[in-house]
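K.L.:
Here you go, sequence then predicted model.
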Protein chains: 2
Amino acid sequence: MKNSPVDLHNLELDLDPGLTVSREDLLVDGSDAEFRAMVHDLLAFAARLEQIRARFGRFIGLSGVQYTILITIRQLQGENGVGAKAIAEHLAFSPPFVTTETTRLVRLGLVAKRPNPEDLRRVYLTVTDKGIALLTELAPVQQEINDLLFEPVTGDTFEMVRRMARDLRASSERAALLSEYLTDAGKEER
Amino acid sequence: MKNSPVDLHNLELDLDPGLTVSREDLLVDGSDAEFRAMVHDLLAFAARLEQIRARFGRFIGLSGVQYTILITIRQLQGENGVGAKAIAEHLAFSPPFVTTETTRLVRLGLVAKRPNPEDLRRVYLTVTDKGIALLTELAPVQQEINDLLFEPVTGDTFEMVRRMARDLRASSERAALLSEYLTDAGKEER
DNA sequence: TTTTCATTCCTTAATTAATTAGTTTTCAAA
DNA sequence: TTTGAAAACTAATTAATTAAGGAATGAAAA
């Protein structure tokens, strides 16, 4: 629609320099409109997930992020437990926030916090039996909501969606690192 | 793993009552472990998207949410503009927060806010030419990051992922309403 | 009509949530 | 040892929400 300069990476196509994505696979007739619609759908989906987690939390007397932190500890705890920093990185929260919220969960008896004997700076977080029991109370209502939430995912597509979620998570972690690098570089050249 | 009661909806299977999802399509050998792993992948992906938006924002002198609100106005503005409430609902922000942030964007000259002549309570938000120009400045770095971010999406799968994102957005909106209903009901019976 | 009531949209004020900045302790390397 | 870095925590600040309000609309009753 605008002028038509030659893009070094796409010599055969005249692409709009204002496009938000350049890979040909993600353009339709040289337009990123479909791609952007997808991004906004994902954005709205993520916002809805957060709303629903807030509801899950409220149902068992927690805030949305407390609930999120609780299930993330359970997911990552493994044999001995998980560190505060790993939780913060997974959820993109600041470490101090994880500290205050986990301290609150410990006070509620839902999470155990003990020092890592091999490195006394670190801490092992685990979900207590009481925490597991509380999450089990939530299960019936959670089933009903999750069944509806993922209704578009069928037996035929479940494995494919699972793989796509895993791959997108990995690529998004690389992209986050790249974005940090590129925008910091942009800062310095100013 | 625990006891094995009969679930009314799954008479032929003995399902763990602590499962977070009940649809057979989403269980593997009666376990929700794969489903939960997918949910945590999506959670991490959403967190990374937010980090990247914060970087995009910083690159053009905005906060992450200011950038997000700006592109959401552009996406939803249509012919005349979009209301504050629509923006708040799309992003699951509170309306007052949208007010203060859009006021700031207006002060920066990136967004225009004018009253809706057919309903003076409402407001029309649009992105100004200056706002468009600022977003265009971002495009080159954005292309590089988006290309990497969606690397797992190929020409073969783009349409399918687009459709899945659209469908999940729709089902998540229904699930958010259901969660509101179910957890409020849970409140009253207490 | 017109008046009243309930609702909606946006905004301002007060409160809570989450971050950045700064300390302490520990570990690992020189 | 000592230096540097890293994990978690505390304090101070900023971000975002809930609570409260003013103004406009629409519908129902007088």
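P.N.:
Done, it's in. Numbers count the residues shown, from 1 in each chain, chains lettered A, B, ... in the order given.

K.L.:
Report whether the longest helix along chain A contacts DNA strand C.
P.N.:
As assigned by DSSP state H, the longest helix anywhere in chain A is helix A:158-188. No: if you take Cβ under 7 Å from any atom of the strand as the test, helix A:158-188 misses DNA strand C, and the best it gets is 12.2 Å. Where C-beta positions appear, they are placed from N, C-alpha and C, glycine not excepted.

K.L.:
quick check: angle from that helix to helix B:158-188?
P.N.:
Relative orientation of helix A:158-188 and helix B:158-188, computed by axes from the mean of the first three to the mean of the last three Cα atoms, to 10 degrees: 100 degrees.

K.L.:
Could you give the separation of helix A:158-188 from the chain centroid?
P.N.:
11 Å (Cα atoms, centre = their mean, to the nearest Å).

K.L.:
What helices and strands are in contact with that helix?
P.N.:
Contacts defined by 3 or more Cβ pairs under 8 Å, 6 or more residues apart in numbering or on different chains; DSSP states H and E place helix A:158-188 against helix B:33-59, helix B:129-149, helix B:158-188.

K.L.:
As CSV, those with distance to B:R114 would be great.
P.N.:
Formatted as CSV, the helices and strands packed on helix A:158-188 follow (distance: least, Cβ to Cβ, whole Å):
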stretch, distance to B:R114
helix B:33-59, 25
helix B:129-149, 15
helix B:158-188, 29
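
K.L.:
Could you say which of those is packed most deeply?
P.N.:
helix B:33-59 (a mean of 20; mean count of other Cβ atoms under 10 Å in any protein chain shown).

K.L.:
Please see if the helix or strand following it touches DNA strand D.
P.N.:
Sequence-wise, the next helix or strand downstream of helix B:33-59 (DSSP states H and E) is helix B:64-76. Yes: Helix B:64-76 reaches DNA strand D (Cβ under 7 Å from any atom of the strand) through B:64-65.

K.L.:
wait, what's in contact with A:G109?
P.N.:
Contact analysis of A:G109 by Cβ atoms under 8 Å, 6 or more residues apart in numbering or on different chains lists A:128, A:130-131.

K.L.:
and the longest helix of chain A with helix A:33-59, angle?
P.N.:
Going by the same axes, to 10 degrees, helix A:158-188 makes 100 degrees with helix A:33-59.

K.L.:
Contact residues of chain A facing DNA strand C?
P.N.:
So far as Cβ under 7 Å from any atom of the strand goes, chain A lies against DNA strand C at A:63, A:65, A:92-97, A:100-101, A:118-121.

K.L.:
B:G30: which of the contacts of A:G109 is nearest?
P.N.:
A:G131 (23.2 Å; Cβ to Cβ).

K.L.:
Can you report how many residues neighbour the closest residue to that closest one other than its chain neighbours?
P.N.:
The shortest distance from A:G131 to any non-neighbouring residue, by Cβ to Cβ, 6 or more residues apart in numbering or on different chains, is to A:L110 (3.7 Å). Counted with other Cβ atoms under 10 Å in any protein chain shown, the neighbours of A:L110 add up to 25.

K.L.:
pretty sure A:L110 is in contact with A:T126, am I right?
P.N.:
No: taking contacts as Cβ atoms under 8 Å, A:L110 lies outside contact range of A:T126: 10.3 Å.

K.L.:
can you tell me how far A:Q75 sits from B:M38?
P.N.:
Noted for A:Q75: a distance of 11 Å to B:M38, by Cβ to Cβ, to the nearest Å.

K.L.:
before we move on, what about A:E159?
P.N.:
10 Å.

K.L.:
cool, A:G30 as well?
P.N.:
Counting by Cβ to Cβ, the gap from A:G30 to B:M38 is 34 Å.

K.L.:
next one: A:D16
P.N.:
35 Å.

K.L.:
tell me which element the nearest residue to A:S171 once chain neighbours are set aside falls in.
P.N.:
Leaving aside its chain neighbours, A:S171 sits nearest to B:E151 (4.6 Å; criterion: Cβ to Cβ, 6+ apart). Counting by DSSP H and E, no helix or strand carries B:E151.

K.L.:
And B:E151, what's its pLDDT?
P.N.:
In this model, B:E151 is scored at 98, pLDDT.

K.L.:
Perfect, I'm done here.
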